[in-house]
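Trainee: fold the stuff below for me.
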Amino acid sequence: MLLGDYRVEVVPDTEFRLDGGAMFGVVPRELWSKVCPPDEHNRIRLNMNCLFIETGSERILIETGIGDKWSPKQAAMYGITRQRSLSESLHTITGVSAEEITIVVNTHLHFDHAGGNTKLDKTGECAVPTFPNARYFVSRAEFEHAESPHERDRASYLPENWRPLRESGQLELKDENYEVVHGLTMETIAGHSRTMQCARLERGGQTLFGFADLVPMRAHIRLPWIMGYDLYPVETLEAKKKLLPRAARENWLCLFYHDPDVPLCRLVEENGKLSALNANGFSAQHEK
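Mentor: Model (predicted):
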């Protein structure tokens with residue numbers, strides 16, 4: 001797909017599962033289970049939809065999924081059903097190898113967004129960069145929080161996903177808001193945490209906005225449907241109230257990082273209710 005003069009592709013990593021109650025916070029199971037049916041362990045299907053952008057001079061990957069560094073016990077706990085590695089999916093979809101990626105951007109360093117930053121070496125004991133020729137970008141504030149997390153989110157931060165990049169000299173710490181390349185900016189938006197960023201790509205009169213964990217799936221376009229994982233849910237709500245109507249009004253392409261079925265959508269608002277249409281204009285979900 002072209003957005004102006006940039007090539008853009010969504011690269012799904014792999015399906016995994018998280019607890020449905022945690023994914024929808026205070027929303028009753030009777031409601032969320034109608035749109036996200038849980039399995040026998042109360043887990044719902046998710047994916048990790050990474051964004052590839054080719055500018056002509058740069059090949060950029062925003063997010064790297066959950067990675068391959070999981071024990072069988074951990075993979076079973078998260079219901080990881082990997083068919084191929086992210087690098088293989090990247091090459092199949094874009095024709096670009098891991099070695100050809102020049103910039104990797106993390107919105108934040110939770111394991112399901114930065115897990116593919118590194119991989120195990122041939123010994124299976126040490127983590128090394130997955131993208132050996134890339135510069136890795138993350139905000140300084142997020143890096144500092146990841147290095148000193150508190151009890152509420154400590155389990156989401158696994159140092160093997162970023163410390164090898166620091167050691168290799170590939171990790172670059174960025175400002176609260178910054179430009180990756182012309183037209184692509186990262187914006188810190190509080191809610192999921194204080195330091196998570198969202199991606200905005202503006203080319204050819206169009207806008208693609210990656211909501212990261214602010215609005216992880218189409219189901220979360222309902223304003224009060226907010227994850228239990230969010231550290232600041234009231235701020236998530238305020239951000240959604242500003243961004244989602246604007247996305248509908250300005251016809252943004254919206255990337256929902258964790259949606260397992262239709263990650264790239266446009267929104268329409270009718271009578272105060274938001275609906276998600278897939279990128280081809282067909283109905284993907286209607287808010288009840």
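Trainee: how about the helices in the stretch 1-150 of the chain?
Mentor: 20-24, 29-35, 72-77, 86-94, 111-114, 140-147 (DSSP state H, counting those that start in this stretch).
Trainee: who touches the fifth one?
Mentor: If I follow you right, that is helix 111-114. The contact list for helix 111-114, computed with Cβ atoms under 8 Å, 6 or more residues apart in numbering, reads 16, 48, 63-67, 106-108, 138, 156-158, 161-162, 212-213, 257-258. Any C-beta I mention is one placed from the backbone N, CA and C, and that applies to glycine too.
Trainee: in strands only, show me the residues you listed.
Mentor: Among those, DSSP state E puts 16, 138 in strands.
Trainee: low pLDDT regions in this structure?
Mentor: The chain contains residues with pLDDT under 70 at 279-288.
Trainee: so residue 173 sits against residue 136, correct?
Mentor: No. Counting by Cβ atoms under 8 Å, residue 173 stays clear of residue 136, with 9.8 Å between them.
Trainee: so which of the two has more stuff around it?
Mentor: residue 136 (25 against 14; other Cβ atoms under 10 Å).
Trainee: quick check: the more buried one vs residue 116, distance?
Mentor: Distance of residue 136 to residue 116, given as Cβ to Cβ, to the nearest Å: 11 Å.
Trainee: ditto for residue 222
Mentor: 30 Å.
Trainee: residue contacts, residue 12?
Mentor: 47-50, 89, 263.
Trainee: columns neighbour count and distance to residue 23 on top of those residues, output as a markdown table?
Mentor: As requested, the contacts of residue 12 are arranged in a markdown table below (neighbours: other Cβ atoms under 10 Å; distance: Cβ to Cβ, whole Å):
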| residue | neighbour count | distance to residue 23 |
| --- | --- | --- |
| 47 | 22 | 13 |
| 48 | 26 | 14 |
| 49 | 22 | 16 |
| 50 | 27 | 19 |
| 89 | 18 | 23 |
| 263 | 24 | 16 |
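Trainee: circling back: the more surrounded of residue 222 and residue 116?
Mentor: Between residue 222 and residue 116, counted using other Cβ under 10 Å, the more crowded position is residue 116 (29 against 21).
Trainee: count of neighbours near the nearest residue in space to the more buried one that is not next to it in sequence?
Mentor: Spatial nearest neighbour of residue 116, chain neighbours left out: residue 64 (3.2 Å); criterion: Cβ to Cβ, 6 or more residues apart in numbering. A total of 31 residues lie near residue 64 under the criterion other Cβ under 10 Å.
Trainee: gap between residue 64 and residue 36?
Mentor: 24 Å.
Trainee: which residues in the stretch 151-288 of the chain form helices?
Mentor: Under DSSP H, counting those that start in this stretch, the stretch 151-288 of the chain gives helices at 163-168, 233-249.
Trainee: among these, which is nearest residue 9?
Mentor: Checking the helices of the stretch 151-288 of the chain against residue 9 by Cβ to Cβ gives helix 233-249 as the closest, at 20.5 Å.
Trainee: which outside residues touch that closest one?
Mentor: Helix 233-249 is contacted from outside by 25, 189-192, 209, 211, 214-215, 221, 223-224, 226-227, 230, 252, 254, 266-269, 274, using Cβ under 8 Å, 6+ apart.
Trainee: of all pairs in the contacts of residue 12, which one is the farthest apart?
Mentor: 89 and 263 (13.4 Å).
Trainee: rewinding a little: list buried residues within the contacts of helix 111-114.
Mentor: Listed as buried from the contacts of helix 111-114 are 16, 48, 63-67, 106-108, 138, 156-158, 161-162, 212-213, 257-258; burial here means 16 or more other Cβ atoms under 10 Å.
Trainee: if we can go back for a sec, of the helices of the stretch 1-150 of the chain, flag the one that's most buried.
Mentor: With neighbours taken as mean count of other Cβ atoms under 10 Å, the helices of the stretch 1-150 of the chain reach their highest mean count in helix 111-114, at a mean of 25.
Trainee: the closest residue to residue 78 other than its chain neighbours bridge partners, please.
Mentor: The spatially closest residue to residue 78, leaving aside those adjacent along the chain, is residue 16, at 4.8 Å (Cβ to Cβ, 6+ apart). Beta-bridge partners for residue 16, by DSSP bridges, are residue 46.
Trainee: in contact with residue 16, which residues?
Mentor: Taking Cβ under 8 Å, 6+ apart as the test, what residue 16 contacts is 46-48, 66, 78-81, 112.
Trainee: do the same with residue 212
Mentor: 63, 107-108, 113, 192, 196-199, 257.
Trainee: measure it to residue 129 for me?
Mentor: 22 Å.
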